[in-house]
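*Asks:* what follows is a predicted protein model with its sequence.
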Amino acid sequence: MNNRRVRVRFAPSPTGPLHIGGVRTALYNYLFAKQHGGDFIFRLEDTDSNRFVEGAEEYILESFRWLGIKFDEGVSFGGEYGPYRQSERREIYKKYVKILLDSGKAYIAFDTPEELDKKRAEIENFQYDASTRMMMRNSLSMPAEEVQQLIDGGHKYVVRFKIEPGEKVVVNDIIRGAVTIDSSILDDKVLYKSADELPTYHLANIVDDHLMEVSHVIRGEEWLPSAPLHVLLYRAFGWEDTMPAFAHLSLLLKPEGNGKLSKRDGDRLGFPVFPLEWKDPATGAISSGYREADYLPEAVINFLALLGWNPGDDVELMSLDELVQKFDLSHCSKAGARFDYKKMMWFNHEYIIKKDDAEIAALFAPVVESHGVSVDMATLTKIVSLMKGRVNFVHELWEASSFYFVAPEAYDEKTAKKRWKEDSATKMGELAAVLEALDDFSIENQEARVKEWIESKGYSLGEIMNAFRLALVGEGKGPQMFDISGILGKEETLARLRRAIEVLG
RNA sequence: GGCCCGUUCGUCUAUCGGUUAGGACACAAGAUUUUCAUUCUUGAAAGACGAGUUCGACUCUCGUACGGGCUACCA
């Protein structure tokens, strides 16, 4: 069973945008595969024709492209084990359903959904299993000729897995250890649907994982209850010796309150729960995405990796490569993790600082342009280097640094009251003269000359700088004054100074 | 209801029988600074509860409580 090549898959169903919890599951699969030099497969579980959503497949692919998570094979990537879209594997599933039928491990059932609903209404806690199957309409309870007649007559039927009761089924989970259940509590699951003549998840999953030689199944905790059923299916096919190892990941929970993380939590608390923005093709409703909300993919990945896993030390900032090195399934936490979006913002802040100024400037440039301002990249890079430590998002750089691009129209009243004194206009006039006389307007030279002047006049540094700041910025914020005037240049600096003198008096 | 899984600061978590229970986010205070922010320092903050096992339990066992998941011809 072990010593096999590591092959894992991420297998979403195209029913809408990819949930952030799904992204984490995919990430863990990816990290595990890469760490072991294995393959990461993208399989599409589109066996529910009713829930198919146009555009979902492309959305999922685009999400992983943005995040930088790469697949080795699967839908749109090719590979030796295709097709990777389950709707294209109908014939394969038919063959394996027949094997189960022929060996008596499964049976045909004619009960319609309506009949089943009625039974559920009549009998409390009705379950289609060993205790009830003989009172239902199926190939176990009916004579063979009648069954054949119905089939020949074109009657729709499903194929159900015949669960033998009273058996202890053990699932060995990498994260949780041995999980044991009694097969009596399992129902005779539908393996093959009559409605769309496709298998259910359970059958398709086992057949595909076997055929694709998947070595490890890393998936959400919501699958844990059906894992024993899957073990039984492997057994029924005689594939138990190559059955994949299981690891069931804890769920992502709401930031506050009860239950698992949902789209509505994002709307309510103002953070996305999808990697990219998604427009529902049916309703036109738009759900926000991390990309559009200005998150860096590295930050999203780093944050998600640490939600339910940790490297065992105090290191928190890790690149994708470092995560691949350090990841360990047995260090995954068993309990669900609340989604702490404030910490996520902190990760984004850290990655903005980590990235090159030029790279952030390139991301910031469109924001600046959207405000109708054009600026050269060299200057923008300088501004970014001065300002990026102050923001959580690239777009916030505008709010923080717009004074570089646009001269103040008004002066913040509170700041003016506090920083603009009786004699400020006079002193700023003197400062303007000092600056105007400068041939070398470099930051260093400005600072040296201005401080000389302040000292010679016996002024205090604070009174000059604060008034100077108010004149250039319009309020009491920003980096060191000469970093501002240096970037603004002599002409603009003097113009702003003179205007402040005029307006503030 | 039944079944399964879980439970350490507000949140994410470290600890794999012996620790002053550590770190991070958030929060608070202080310091530095030409303002604001950053940064730095400090602080407050946790083993759900009850039994057992043990020389010793956050760590093992059982029970209770609470939380989560599953219980479809959805995945």
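*Replies:* That came through fine.

*Asks:* for the least confident helix or strand in chain A by mean pLDDT, packing partners?
*Replies:* None of the helices or strands of chain A scores lower by mean pLDDT, DSSP states H and E than helix A:263-269, at a mean of 82. Under the contact definition 3 or more C-beta pairs under 8 Å, 6 or more residues apart in numbering; DSSP states H and E, helix A:263-269 sits against strand A:286-287. Placement of C-beta: from N, CA and C, glycine included.

*Asks:* residue A:176 against residue A:248, yeah?
*Replies:* Yes. Under the criterion of C-beta atoms under 8 Å, residue A:176 makes contact with residue A:248 at 6.5 Å.

*Asks:* overlap in contacts, these two.
*Replies:* residue A:224 (C-beta atoms under 8 Å, 6 or more residues apart in numbering).

*Asks:* what average pLDDT does the top helix by length along chain A get?
*Replies:* Scanning chain A for the longest helix, with DSSP state H as the assignment, gives helix A:481-504. What helix A:481-504 shows for mean pLDDT is 94.

*Asks:* what about stretch A:375-391 and RNA strand B, touching?
*Replies:* Yes. Shown here: stretch A:375-391 in contact with RNA strand B (C-beta under 7 Å from any atom of the strand) through A:389, A:390.

*Asks:* what's next to stretch A:138-148, contact-wise?
*Replies:* With C-beta under 8 Å, 6+ apart as the contact definition, stretch A:138-148 has outside contacts at A:107, A:108, A:109, A:110, A:111, A:133, A:134, A:135, A:160, A:162.

*Asks:* and it, end to end?
*Replies:* One end of stretch A:138-148 to the other measures 11 Å (C-alpha to C-alpha, to the nearest Å).

*Asks:* which one's more surrounded, residue A:176 and residue A:248?
*Replies:* A direct count of neighbours by other C-beta atoms under 10 Å for residue A:176 and residue A:248 places residue A:248 higher, at 23 against 16.

*Asks:* what residues does the more buried one make contact with?
*Replies:* Residue A:248 neighbours (C-beta under 8 Å, 6+ apart): A:173, A:175, A:176, A:219, A:220, A:221, A:223, A:224, A:227.

*Asks:* about what we covered before: what about the least confident helix or strand of chain A and RNA strand B, any contact?
*Replies:* No. With C-beta under 7 Å from any atom of the strand as the criterion, RNA strand B is not reached by helix A:263-269; the gap is at least 11.8 Å.

*Asks:* that older thread, can you tell me which of the contacts of residue A:248 are up against RNA strand B?
*Replies:* Subset of the contacts of residue A:248 in contact with RNA strand B: A:176, A:221, A:223, A:224, counting by C-beta under 7 Å from any atom of the strand.

*Asks:* now for those, which pair is the farthest apart?
*Replies:* Greatest spatial distance in these: A:176 and A:223, 12.2 Å, computed using C-beta to C-beta.

*Asks:* do you know how far residue A:385 is from RNA strand B?
*Replies:* Distance, residue A:385 to RNA strand B, by C-beta to the nearest atom of the strand, to the nearest Å: 12 Å.

*Asks:* which parts of the stretch 151-300 of chain A sit against RNA strand B?
*Replies:* A:156, A:158, A:176-177, A:179-182, A:185, A:187, A:190, A:193-196, A:198, A:200-201, A:221-226, A:250-251, A:253, A:258-260.

*Asks:* try it again at 6 Å.
*Replies:* Within the stretch 151-300 of chain A, the positions lying close to RNA strand B (C-beta under 6 Å from any atom of the strand) are A:156, A:158, A:176, A:179, A:181, A:185, A:190, A:193-195, A:200-201, A:221-222, A:224-226, A:251, A:258-260.

*Asks:* same check, this time on the stretch 401-505 of chain A
*Replies:* So the stretch 401-505 of chain A meets RNA strand B at A:461, A:462, A:465, A:466, A:469, A:476, A:477, A:478, A:479, A:480, A:481, A:482 (C-beta under 6 Å from any atom of the strand).
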